[in-house]
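A.B. asks: need coordinates for the following:
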Amino acid sequence: MPEYIEVALDIPARQTFTYSIDTSLACDVGFRVEVPFRNRRKIGYVVEVRSARPGGGLRILPVYRVIDNAPLFTDELLTLARWISSFYFCSLGEALSAMLPGGKRESRLAEEIAAPATVSERLDLSPDQRKAVAGILSEAGGVYYVRGITGSGKTEVFLRAAEATLDSDRSVIYLVPEIALTHQLVEQLRLRFGGTVAVIHSRLTQSQRLQEWQRIARGDARFVVGARSAVFSPVVRLGLCIIDEEHESTYKSNASPRYHARQVAMKRIGMTGGRLIMGSATPSIEALHLITLGRIRNYLLSERLTGGALPDISIVDMARENGPLSRRLKERVPAVHREGRQTILFLNRRGFSYFFHCRSCGYEMTCRRCSITLTYHKTRERMLCHYCGYSQSPESVCPECGSLDVGYSGFGTQMIEETVSSSFPELRIRRIDADSVRRRGALERVLNEFRSGEIDLLLGTQMVAKGLNFPGVKLVGIVNADTGLNLPDFRAQERAFSLIVQVSGRAGRFAPDGEVIIQTFKPRSPAIELAARADVDGFFERESLVRKELDFPPFSRLVRVVFRGKSREQVATAAESWGAFLAERAGDDVAVLGPAECALSIISGNHRMHLLLRSKRLGPAHRLIAEAQRAIDKTSRVYVEIDVDPVSLL
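C.D. replies: Here you go, the predicted structure:
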């Protein structure tokens, strides 16, 4: 007699599917199976096994095969997946697939990846660090925040808490924004904790990721470090979750399920009764708000421990300058080089220039499939869209009016590299951005060369703002601090402030003579002025006043609904139907904003509109969205994205 299993598939259908399975096949909850689905073969996840045939008289198809010989998902992870499915409006299969490395396809086991077992040196703690460690370890559970300037020793506090957790026979998950930029941390963890460390990162093959997953599930690895999805690691007896650089937007998934690792970590730690420690030099506004309310216990680290001090920061008004590099920066770069020290230049825009226009008729060259301008990449002689990948040859004549009076404005990292190379021919210069470090190992190779002093000046995008901790760096130049300030998003000021403070923190980490030069056309911008003083509390107070006046997070909760499709009319009809339904039923505790076109109204040929639900508590808005999902007719030509607690409104 066959058994019957309920299978969750990685599709946006809020239901499971029943299949039969021969009792000779070993299969249980948490296994993967290959099943027939709409004339295709799909891999699904077993979420229930029963012996009785379901009622209804429907035809039940047999599974093709069972993939695993042991469950991949524990009861804890299945419970977490069901919560994610409910909270983030996705299917159970989508939630399980997001949890499993390589879950969208089958992977075979790989050879085990060996890690060194050498013990690293434990550093002496400062008084602030001792206070933080003692406070965190004084209770069995809770949520904590370790604030401190860059270089103040937050990592050592994390690792002392991790040691205590491992000593109590519980496991640790350590989340970082981007694992590729934290190889120094990974080396430190492997030296300190040996073979018990498992690293989940994008450079692993699918089979290697699955092998690490199973090593973790067996309890062979009890310290897991990785980016966002590592929060789902099947560790045995989770006792501590660490979220480093908590403010980073990369902790939020931009595909279904649109989860935030911080929210998932809070839920998971609540289930296991462990500790959650977050840390950053620039905490998110939401985290600071919870600290103010006393819901998160806060520990402040106030001094650099490596002999450095906060750098001397100056603001340069670029309205009085010619070209992309100010006179001040041109003076200081060679002077720093003559001292035998290094420079980092930061510009958060890759490419050569990003704005092609006609001076006669005002034509602007935009992507044919997206509502954004194309960026000129000189090394490839192409105009590229950084959203959908569309490219075309550069123009020398206006396509609109035929005028020859055309040109490029703005500058990216390629232009700055060219300018710096011509201005300082004696310097060894390297650029790191998404274009220059495409090949595997390229980023790590450049960073190693910079660390060993083989590079005098490192130029790059956000890659140079994170994870860099080099003794030779004296000068940091922020080429254009205005990038992102004017985006139509209520978090634009917060992102700009955090980025400037984080980049500035690369200077003078090991010596008290660091310098930062901030170039801007908006020297009186509060975000820039406060960032130059590293005044986190001052920025929080000012930004909180603005957010409270607008009734935006952290003083409310948002749910964003995005509608996209090839037909603008169909997208508008769907958005208006949802808007009318929600507005009619919203009541006094939920505000419905929109619908309206998204700031990026077309991406990859899809028209985009959105609306927002805003409420003091998430519950009413959440229930209203669920009601709309059930009641409103769906059209296959319009895709509806639901984003709970969005971090971007673009």
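A.B. asks: buried residues in stretch 292-303?
C.D. replies: Going by neighbour count (16 or more other C-beta atoms under 10 Å), the buried part of stretch 292-303 is 296-299, 301. Placement of C-beta: from N, CA and C, glycine included.
A.B. asks: what about that stretch, how long is it end to end?
C.D. replies: End-to-end span of stretch 292-303 (C-alpha to C-alpha, to the nearest Å): 22 Å.
A.B. asks: next one: that stretch to chain centre, how far?
C.D. replies: Relative to its chain's centre, stretch 292-303 lies at 23 Å (C-alpha atoms, centre = their mean, to the nearest Å).
A.B. asks: also stretch 441-453?
C.D. replies: Put simply, stretch 441-453 sits 23 Å off its chain's centre (C-alpha atoms, centre = their mean).
A.B. asks: what's the mean pLDDT across stretch 287-303?
C.D. replies: Regarding stretch 287-303, the rounded mean pLDDT is 95.
A.B. asks: which helix or strand lies directly C-terminal to the single longest helix found in the chain?
C.D. replies: Longest helix in the chain, counting residues (DSSP state H): helix 568-585. Once the chain leaves helix 568-585, the next helix or strand it forms, by DSSP states H and E, is strand 591-603.
A.B. asks: what strands line up against the next helix or strand after that next one, and which way round?
C.D. replies: Remark: after strand 591-603, the chain's next helix or strand is strand 606-615, criterion DSSP H and E. Under the criterion DSSP bridges, strand 606-615 sits next to strand 557-565 (antiparallel), strand 591-603 (antiparallel) in its sheet.
A.B. asks: could you pull out the helices in the stretch 101-250 of the chain for me?
C.D. replies: Per DSSP state H, counting those that start in this stretch, the stretch 101-250 of the chain carries helices over the ranges 127-137, 154-167, 183-193, 206-217.
A.B. asks: could you do the stretch 251-400 of the chain as well?
C.D. replies: Going by DSSP H, counting those that start in this stretch, the stretch 251-400 of the chain shows helices at 261-272, 285-292, 327-338.
A.B. asks: make JSON lines out of those and add distance to Ser615.
C.D. replies: Listed next are the helices of the stretch 251-400 of the chain as JSON lines, based on distance: least, C-beta to C-beta, whole Å:
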{"stretch": "helix 261-272", "distance to Ser615": "17"}
{"stretch": "helix 285-292", "distance to Ser615": "16"}
{"stretch": "helix 327-338", "distance to Ser615": "47"}
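A.B. asks: Leu550 is nearest to which of the ones you listed?
C.D. replies: Closest approach to Leu550 among the helices of the stretch 251-400 of the chain (C-beta to C-beta): helix 285-292, 12.4 Å.
A.B. asks: which positions in that closest one come out as buried?
C.D. replies: Neighbour-count burial for helix 285-292 [16+ other C-beta under 10 Å]: 285-291.
A.B. asks: can you tell which of the helices of the stretch 251-400 of the chain is closest to Ala574?
C.D. replies: helix 261-272 (27.6 Å).
A.B. asks: for that closest one, packing partners?
C.D. replies: helix 75-87, strand 171-175, strand 238-244, strand 275-280 (3 or more C-beta pairs under 8 Å, 6 or more residues apart in numbering; DSSP states H and E).
A.B. asks: quickly compare these and say which is most buried.
C.D. replies: strand 171-175 (a mean of 27; mean count of other C-beta atoms under 10 Å).
A.B. asks: restricting to C-alpha, output that one in CSV.
C.D. replies: Backbone C-alpha positions of strand 171-175 (Å, rounded to 0.1, in the frame of the first residue of the first chain) are rendered in CSV as follows:
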residue,chain,number,x,y,z
SER,A,171,25.8,26.9,18.3
VAL,A,172,26.5,30.3,16.7
ILE,A,173,25.4,32.0,13.5
TYR,A,174,27.5,35.1,12.5
LEU,A,175,25.9,37.2,9.7
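A.B. asks: tell me the strands beside it, with direction?
C.D. replies: Strand 171-175 is paired, per DSSP bridges, with strand 223-226 (parallel), strand 238-244 (parallel).
A.B. asks: figure out which of the ones you listed is closest to Gln462.
C.D. replies: Going by C-beta to C-beta, the one of these nearest Gln462 is strand 238-244, 15.6 Å.
A.B. asks: quick one: contacts for Phe37?
C.D. replies: Residues in contact with Phe37 (C-beta atoms under 8 Å, 6 or more residues apart in numbering) are 9, 17, 44.
A.B. asks: surely Ala8 and Lys42 touch.
C.D. replies: No: Ala8 is beyond contact range of Lys42, at 10.8 Å (criterion: C-beta atoms under 8 Å).
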